[in-house]
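Undergrad: quick one: sequence plus predicted model below, questions after.
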Amino acid sequence: MPYDPRAIEPRWQAYWLEHETFRCEVDSTRPKYYVLDMFPYPSGDGLHVGHPEGYTATDIVARYKRMRGFNVLHPMGWDAFGLPAEQYAIKTGTHPRITTRRNVENFKRQIQALGFSYDWSREIDTTDPSYVRWTQWIFRLLHERGLAYEAEVAVNYCPALGTVLANEEVIDGKSEIGGHPVVRLPMKQWMLRITAYAERLLADLDELDWPEPIKKQQRDWIGKSEGARVRFSVEGRPGREVEVFTTRPDTLFGATYLVLAPEHPFVEEITTPERREAVRAYVEAAARKSERARMADAREKTGVDTGARATNPCSGESIPIWIADYVLAGYGTGAIMAVPAHDERDHAFALAFGLSIREVVKGGDVSREAFTGDGIAVGSGILDGLATPEAKRRITAWLEEKRCGERAVTYKLRDWLFSRQRYWGEPFPLLHEPDGSVRLLRDDELPLLLPDLDDFRPAEGGGTPLERATDWIETTDPVTGARARRDPNVMPQWAGSCWYYLRFCDPTNDRAPFSPEAERYWMPVDLYVGGAEHAVLHLLYSRFWHKVLYDAGLVHTKEPFSKLVNQGMILGSSYRYWDDNLSDDPEAKPRVHPTTDVRIDGEHAIAIDDGREVKARWVPVKDVRFGPEKTPFHPTIDGLVLEEVVEKMSKSRGNVINPDEVVAHWGADSMRLYEMFIGPLEKAAPWSTEGIAGVHRFLQRAWRLVIDEEAPDEPVRELPTGSGTPEQARLVARTIAGVTEDLENLAFNTAISKLMVLARDVAKEAPLSRDAAETFLKLLSPFAPHLAEELWNRLGHAQSIALEPWPSADPTLLVADTITLAVQVNGKRRDEIRVAADADAATVEAAALAAPNVVRHLEGRAPKKVIVVPGRLVNIVG
RNA sequence: GCCGGGGUGGCGGAAUUGGCAGACGCGGUGGCCUUAGAAGCCACCGUCCGGAAGGACGUGCAGGUUCGAGUCCUGUCCCCGGCACCA
């Protein structure tokens, strides 16, 4: 029988499970290696081919490290709280718990069919009461440490949908779904004080082996800026001071007006009677706009004068106070001093409203545009003649001395809005007492589980789904005996993923989230692989929780994830054409156009022949007909050529590849190998069916290397003992060294190409030796574990190849006795010479000068200079 | 606009960091095997000139440094990702 993955793969998957081959335990006598995938949300659609890319990479590393003698922790679990299951529940009434269980089973089946070496005894599910308990326990810890608090926060509320929406779900002040109006409404929310950790979250990035772009995104998100706070007294209101934050205190003499955010607490009070009307209208309009909408029309500066005036603490000058929505309430002090000469936004605003512009730093033409660079201070009293950095120091000292300002650091990072008006999440482990206080539940009251509901919609009048469970919300506090209310919100999906990597260390502990012994042994995560889309959310939130746990003495490392790698996306080919059925009328008989007859004009696509607007239509890959030369055609409209577009896989494009089908057709080993061979792990690459056929052929070749398919009963070939010819031994040694190095660098694609070379050449001149065959299988086993196990077994080994030690290369075989050197004349390759590997420069030079083509090109001239690069080449300049 | 990353054959991608550009795979062409197909195996495939030997050109574009540049420097164009009134 030829290589048949369908026969061998399920057998080995069952073997690994049954023998618990990959189970691991704390073992202080051995070095540990913790390799982790970002655990998935088990969606109803199941796995797509993008998931296994990262999982395959970590699996290869896990298997390799085990063979290198490491005690490897390689777990998998489910980030199972989340919105899709809840939306499904609203539609069908099916409890999210049922949906989640079904989806988890499907994900697990798909993941196991790929032969990953997870320790399944450590599987965790964030919705499991035994997990929720400890998530709630950690929330209580945060609360005890003063890091969780309730606050009135403006949220996006959509009355028509009866729910609160995330910023991303609001577009131009309307709901993304249905286009209903959205208002900003203050609601009482749980907040986490992540800002208290801003400095450490920033500083500790330096020690992490993470992709630089991710670190940069986190730095930008935290957004540290250094400058000064300055207080301006409000004229006519003694004791009232507007505090502003600026990174350019040196430009204080150029401040020609102040601007408050429309939400600033002073607005109401300081506005003069004659300006009241205009100010109120502006504030209301700003409140209606979502933050996103405010950013959308950022170009046009709007604002109104409050009529109030402030005194510049330095110059004593009287300047107007305006409000404008280009000043954000949530950043700094919610107020700025405007220096139009040296800030682009202030410049634009000053031009729009005819406010004065005063140059205080030399270097530009401030009547034309703001000069934001450093320069020499002018018109600034005590600062005149100073360069910007020195001017900053001088003025800050002056402000501190006069007590009207001080050095200050501000962060863009805001506290984390931690409650969601949803059902399918962790309930808050606390009671609201009649006196307004909050009592956190004790250990013996945890976990607090969700009540069962029949209707999962938000409650009437802006309430949360949990408010439908009145006898769950209204309860009695067993401690005080008084009536108390449970919190109607749940935690966001990020909560469970903030600490799951710690639970994996000790997943069944029922006395603590994890034991100190397990944490001390397994942490930190040595390699963490996942998508870059979590750059700031999950990866920042979990770093925050980790630092809190560190301060509480529960973990011993400052950071959870030592090394992070982002896998690239696997792209799909989609096929499109165009038609003029813009309204998607199902009855219409539209005119259709291939892409070659369409031109894109800004936002619109126009048919070239009749100038009418057309809309893209996508044909699912499986329906496309391929003509000669692989030209894609529409399935039913004859002669309509489709355009191939390579892009992210998505249902709407019909270009999603299902791993189940790939495994059924080619086998898990081919799928694993293909996803690793397609290119570097970090890079996006298109899926190709021809490509997978290529790696499948390689596995067939590997099979035939060991199995004699020609002979009756297809026995294992006769493999001579020993290591074969010197050439074979050298090839094997080179492959060991190369594959090992590539694995250390996570360069899976080049490792596979080296294995292909070995399979192609190793039995060319002489029969394959037993040593070479066994070494090859060991090197192949992390990539194609099923095939490797099967052949290893047929070679007569009773124990799993996964438990074999990794081969090491004989260093003496890595250096050849004779080597080929290229010989260049004036930098152009003209000939080559074979010399002893240890030949000295003089010998090499002589041989190079004697090479026939070199002699020809020198045409009798004496070489001016000869450069010998040992082991590489000789360049003759003549 | 700002900040990252990147432009190498028909395609995915290699190239030990300044030393033989195009490994490996896909795709293509020709051949072997076969009753035939499939599969498999072998050879060739950057472009141009040439029957060949060989030569010229060649890593987005234009310069530069160097004995030698895909790799370093300057300028420039394009693509992908992130951020976008954060004072």
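TA: That came through fine.
Undergrad: can I assume residue A:138 sits in a helix?
TA: Yes: according to DSSP: H, G, I helix; E, B strand; the rest coil, residue A:138 belongs to a helix.
Undergrad: how far away is the closest residue in space to it that isn't next to it in sequence from residue A:443?
TA: Counting by C-beta to C-beta, 6 or more residues apart in numbering, residue A:138 lies nearest to residue A:499, which is 6.1 Å off, once chain neighbours are set aside. For the C-beta atoms, the positions are set from N, CA and C on the backbone; glycine is no exception. For residue A:499, the distance to residue A:443 (C-beta to C-beta, to the nearest Å) stands at 17 Å.
Undergrad: please identify which of the two sits among more neighbours.
TA: It is residue A:499, of residue A:499 and residue A:443, that has more neighbours when counted by other C-beta atoms under 10 Å, with 25 against 9.
Undergrad: and the pLDDT for that one?
TA: Residue A:499 is assigned 97 on the pLDDT scale.
Undergrad: again with the one 10 residues further on
TA: Model confidence at residue A:509, given as pLDDT, is 96.
Undergrad: tell me which residue of the stretch 351-500 of chain A lies closest to RNA strand B.
TA: Across the stretch 351-500 of chain A, no residue is closer to RNA strand B than residue A:412, which sits at 3.6 Å (C-beta to the nearest atom of the strand).
Undergrad: excluding covalently adjacent residues, which one is nearest to that residue?
TA: residue A:223 (2.7 Å).
Undergrad: so what's the residue of the stretch 351-500 of chain A closest to RNA strand B up against?
TA: Counting by C-beta atoms under 8 Å, 6 or more residues apart in numbering, residue A:412 touches A:220, A:221, A:222, A:223, A:331.
Undergrad: how many neighbours does the third one have?
TA: Pointing back at residue A:222 there. Residue A:222, neighbours per other C-beta under 10 Å, totals 21.
Undergrad: that one reaches residue A:201, doesn't it?
TA: Yes: Residue A:222 lies in contact with residue A:201 (C-beta atoms under 8 Å); the separation is 5.9 Å.
Undergrad: now do the shared contacts for those two.
TA: Common contact partners of residue A:222 and residue A:201 (C-beta under 8 Å, 6+ apart): residue A:413.
Undergrad: next, the buried residues of stretch A:499-510.
TA: Residues A:499, A:500, A:501, A:502, A:503, A:504, A:505, A:506, A:507 are the ones in stretch A:499-510 that count as buried (16 or more other C-beta atoms under 10 Å).
Undergrad: try stretch A:714-724
TA: Neighbour-count burial for stretch A:714-724 [16+ other C-beta under 10 Å]: A:717, A:719, A:723, A:724.
Undergrad: closest to residue A:691 among those residues?
TA: Ranked by distance to residue A:691 (C-beta to C-beta), the buried residues of stretch A:714-724 are led by residue A:717 at 29.1 Å.
Undergrad: ok, now which ones touch the closest one?
TA: The contact partners of residue A:717, taken as C-beta under 8 Å, 6+ apart, are A:705, A:706, A:707, A:708, A:767, A:768.
Undergrad: re the thing from before, out of the buried residues of stretch A:499-510, who's nearest residue A:823?
TA: residue A:501 (55.7 Å).
Undergrad: would you tell me which residues of the stretch 651-800 of chain A are close to RNA strand B?
TA: A:677-680, A:683-686, A:688, A:690-691, A:693-695, A:697-698, A:700-701, A:747, A:749-750, A:752-753, A:756-757, A:760 (C-beta under 7 Å from any atom of the strand).
Undergrad: got the phi and psi for residue A:877?
TA: Residue A:877 adopts backbone torsions of phi -100, psi 120, taken as degrees, to the nearest 10.
Undergrad: am I right that residue A:452 sits in a strand?
TA: No: looking at residue A:452 with three-state DSSP, it is coil, so not inside a strand.
Undergrad: leaving out sequence neighbours, find the closest residue to it.
TA: Here the residue nearest residue A:452, using C-beta to C-beta, 6+ apart, is residue A:95, at 7.0 Å.
Undergrad: next, count neighbours for the one you found.
TA: When neighbours are counted by other C-beta under 10 Å, residue A:95 registers 19.
Undergrad: right, and it touches residue A:89 too?
TA: Yes: applying C-beta under 8 Å, one finds residue A:95 in contact with residue A:89, separated by 6.3 Å.
Undergrad: quick one on the thing from earlier: from the contacts of residue A:412, keep the buried residues only.
TA: Here, 16+ other C-beta under 10 Å leaves A:221, A:222, A:331 buried among those.
Undergrad: closest to residue A:253 among the residues you listed?
TA: residue A:331 (23.9 Å).
Undergrad: how near is the closest residue to the closest one other than its chain neighbours to residue A:244?
TA: Nearest residue to residue A:331, sequence neighbours excluded (C-beta to C-beta, 6+ apart): residue A:412, at 6.5 Å. Per C-beta to C-beta, residue A:412 is found 17 Å from residue A:244.
Undergrad: count the neighbours of the closest residue to residue A:121 other than its chain neighbours for me.
TA: In this structure, residue A:121 finds its nearest non-sequential neighbour in residue A:23, 5.7 Å apart by C-beta to C-beta, 6+ apart. Neighbours of residue A:23 under the rule other C-beta under 10 Å: 12.
Undergrad: cool, and the one 10 residues further on?
TA: Residue neighbour count, defined by other C-beta under 10 Å, stands at 22 for residue A:33.
Undergrad: which strand residues bridge it?
TA: Assessed by DSSP bridges, residue A:33 has beta-bridge partners residue A:72.
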